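In: just to be clear, the model below is a prediction. Sequence and coordinates:
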There are 2 protein chains.
Amino acid sequence: MTAKSTPRTTVRRLKERGIYERATIEAILDEALICHLGFVHDGHPFVIPTIHARSGDTVYVHGSPASRMLGTMATGTDVCLTATLLDGLVLARSVFHHSMNYRSVVVVGRARDVVDPSEKMEAFRTIVEHVQPGRWDDARRPNPDEIRRTRVLALPLDEASAKVRSGPVGDDEADLGLPVWAGVVPLEITARAPVPDELLEPGTQLPSYLKGWGRVSG
Amino acid sequence: MTAKSTPRTTVRRLKERGIYERATIEAILDEALICHLGFVHDGHPFVIPTIHARSGDTVYVHGSPASRMLGTMATGTDVCLTATLLDGLVLARSVFHHSMNYRSVVVVGRARDVVDPSEKMEAFRTIVEHVQPGRWDDARRPNPDEIRRTRVLALPLDEASAKVRSGPVGDDEADLGLPVWAGVVPLEITARAPVPDELLEPGTQLPSYLKGWGRVSG
C-alpha cells in the first residue's frame, strides 16, 4: 500500500531519499516517541513537540482543552506532523559531505476533534501503548472527569511521505586518499535504570516491560 | 540575561514549565543535535527536521540552494525553530498523569540569508562543531564551489522561550496507594561503536573525540 503523494508531501530535495510506502511510514511513526506539530496561528507558524500515536490510518495527538495547538487544529485548518529518528552521524572526509542518517515522516492534513467517549478511550490506550507497550494494563484508567479534561485530535494518514538516509559516507573520489577518519557513528535512544517513585507502595516490583528497555526497530 | 518574551513565545500551557533565561535556552539549543523548522508555504504549514547550530545570538541552518525551506526563509517570512531533548518517560500510577521529562526551545523570527563568505565559513565551522566537537580541525574544509552550493540562513535568538519538565511523577494523592509501579525511565542518546568507512586509508586512527561519545549535558 502506498500513501498518497501530493505536491505537499512529494520529497523535493534529494529525491532518492523519498519513500512513499505505507509500511515504512508506519514503522517510523510507531518507533518515534514524539513528533513535532506545525500549525499556523494568526498568520505565524508554530512548531510544538508532542506525543503522537498511530492506530491504523489515524494519528492521534492529545492535550489540554486549553492548548492553543489543539484549539487551532480543531478548527479544521491544515497541520503538518513530522516525526524524526536519528540513526547516526555521518562523518565524511570533507566537511561538505558530512550528514546524518535518519528516518523522518511528514504527514499533512486536517484533524478531527475526537468526541466519542469510546474512541477517546481507545486513543488513550493507543497513546499509552505507543510510549510504553504493556503499560495500559497496569495503570489506573482515565475516569470520566479526566476524559473530559483531555482533548484528542485525529489526523488521517492520507497525505504522508518518508525520507530516509542510511548507509556509509559519500565522499568525493578525489578525497578518498585523505588521512582523515571517516565513517558512521550509530546513534540510538537508550534508557538508564528506572527510578522508582519515592512513595511507591513497598514491595511493588518493576514491571517486566521495563527490563531491557528499547524502542521497536523501524 | 533574559530573551524577549512576546505573545508568540510566552508559554501558555503549564506556565510553571516556561523558562525565559538565556542560559537555559542556549544550553538546550547546543545539546540538541537537530531541530524542527516550521514555515508557511502557499498558506500551508510545513515542519522539516534540520541541523542547527548556535553562535552567540544567532542560530544557523543550512542546506541546498534548491531547498524549499531555505528559499521560503530567505524571503524574510516568519519561521519557528523548535529543538527538543527527551529526558525520560514519566510513568504515573494513573494514565492521566503519564508524562515525559523533556527540555524544549522555541525560537520565532525572520531569518537572514548569509552571503558574506567569511560569515558563511564561520557558520560551517559552528555547524560541524555543534554536531561533533573536534571535527572541524580534521575534515577537509569547504572549497569555493562547495561554499557556493550551500545556502546558510541566520535566525536571531531574540524571541525565544524554553519549556522544561523534570523530576518525579505527579500522581493524585488518592492514587498513591495503588499497587502500580510508578517512576521515571531516564532516556538519553547514546552511540554504538563507530563504523569506519570501508575505503579508509590503512592506519587511519579513530579520533579521540569519538571515544566515549556523548552529548554535552544541558
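Out: Cool, the structure landed.
In: where does A:Y209 sit: helix, strand or coil?
Out: helix (DSSP: H, G, I helix; E, B strand; the rest coil).
In: what's the burial count for the residue lying closest to it once chain neighbours are set aside?
Out: Among residues not flanking A:Y209 along the chain, A:G134 sits closest, at 3.3 Å (CB to CB, 6 or more residues apart in numbering or on different chains). Just so you know, the C-beta spots here come from the backbone N, C-alpha and C atoms, and that holds for glycine as well. With neighbours defined by other CB atoms under 10 Å in any protein chain shown, the count for A:G134 comes to 12.
In: one more: A:L85?
Out: A count of nearby residues for A:L85, using other CB under 10 Å, gives 22.
In: over to A:D175?
Out: For A:D175, the neighbour count with other CB under 10 Å is 17.
In: swap in A:L206?
Out: So A:L206, with other CB under 10 Å, has 12 neighbours.
In: any idea how far chain B is from it?
Out: 6 Å (CB to the nearest CB, to the nearest Å).
In: wait, that residue sits on B:W181?
Out: Yes. Using CB atoms under 8 Å, A:L206 makes contact with B:W181 at a distance of 5.9 Å.
In: overlap of the contact sets of those two?
Out: Residues touching both A:L206 and B:W181 (CB atoms under 8 Å, 6 or more residues apart in numbering or on different chains): A:P196.
In: so who does the residue nearest to A:Y209 touch?
Out: By CB under 8 Å, 6+ apart, the contact set of A:G134 is A:P207, A:S208, A:Y209.
In: would you confirm that the last one contacts A:V131?
Out: No. Taking CB under 8 Å as the definition, A:Y209 is not a contact partner of A:V131, at 11.3 Å.
In: which of these two has more neighbours?
Out: The neighbour comparison of A:Y209 against A:V131 (other CB under 10 Å) goes to A:V131, with 19 against 13.
In: give the contact list for that one.
Out: Taking CB under 8 Å, 6+ apart, we find A:V131 in contact with A:L33, A:I51, A:A53, B:L89, B:H98, B:M100.
In: of those, which is the nearest to B:E198?
Out: Using CB to CB, A:L33 comes nearest to B:E198 of those, at 32.6 Å.
In: please verify my assumption that the closest one contacts A:R215.
Out: Yes. Using CB under 8 Å, A:L33 is in contact with A:R215, at 7.1 Å.
In: what about those two, which has more around it?
Out: Between A:L33 and A:R215, A:L33 has the larger neighbour count (other CB under 10 Å), namely 19 against 16.
In: confidence score at the residue of chain A positioned farthest from its centre?
Out: The centre of chain A is farthest from one residue, A:G177, which by CA atoms, centre = their mean lies 39.5 Å away. On the pLDDT scale, A:G177 is placed at 95.
In: distance-wise, check A:A53 relative to chain B.
Out: Note on A:A53: its distance to chain B, by CB to the nearest CB, is 12 Å.
In: what is the burial count for that residue?
Out: By other CB under 10 Å, 21 other residues sit near A:A53.
In: so which strand or helix has it?
Out: Using DSSP states H and E, A:A53 sits in strand A:44-55.
In: now do that strand: distance to the chain's middle.
Out: Chain-centre distance of strand A:44-55: 8 Å, with CA atoms, centre = their mean, to the nearest Å.
In: okay, and the helix or strand of chain A with the least pLDDT?
Out: Using mean pLDDT, DSSP states H and E, the weakest-scoring helix or strand in chain A turns out to be strand A:18-19, at a mean of 76.
In: surely A:P196 touches B:V180?
Out: No. Counting by CB under 8 Å, A:P196 does not reach B:V180; the two are 11.4 Å apart.
In: give me the more crowded residue out of these two.
Out: Counted by other CB under 10 Å, A:P196 and B:V180 do not tie: B:V180 has more neighbours, with 21 against 17.
In: after the longest strand along chain A comes which helix or strand?
Out: Ranked by residue count and defined by DSSP state E, the top strand of chain A is strand A:78-91. Downstream of strand A:78-91, the first helix or strand assigned by DSSP H and E is strand A:99-110.
In: and the helix or strand following that next one, which residues are buried?
Out: Of the helices and strands lying after strand A:99-110 in sequence (DSSP H and E), the nearest is strand A:112-114. Within strand A:112-114, the residues scored as buried using 16 or more other CB atoms under 10 Å in any protein chain shown are A:R112, A:V114.
In: parallel or antiparallel, list what pairs with strand A:112-114.
Out: strand A:151-156 (antiparallel) (DSSP bridges).
In: where does chain A have low pLDDT?
Out: A:1-5, A:7, A:11-16, A:216-218 (pLDDT under 70).
In: if we can go back for a sec, now distance to B:H41 too, for the contacts of A:G134, in JSON lines please.
Out: JSON lines is the format used below for these (distance: CB to CB, whole Å):
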{"residue": "A:P207", "distance to B:H41": "45"}
{"residue": "A:S208", "distance to B:H41": "47"}
{"residue": "A:Y209", "distance to B:H41": "42"}
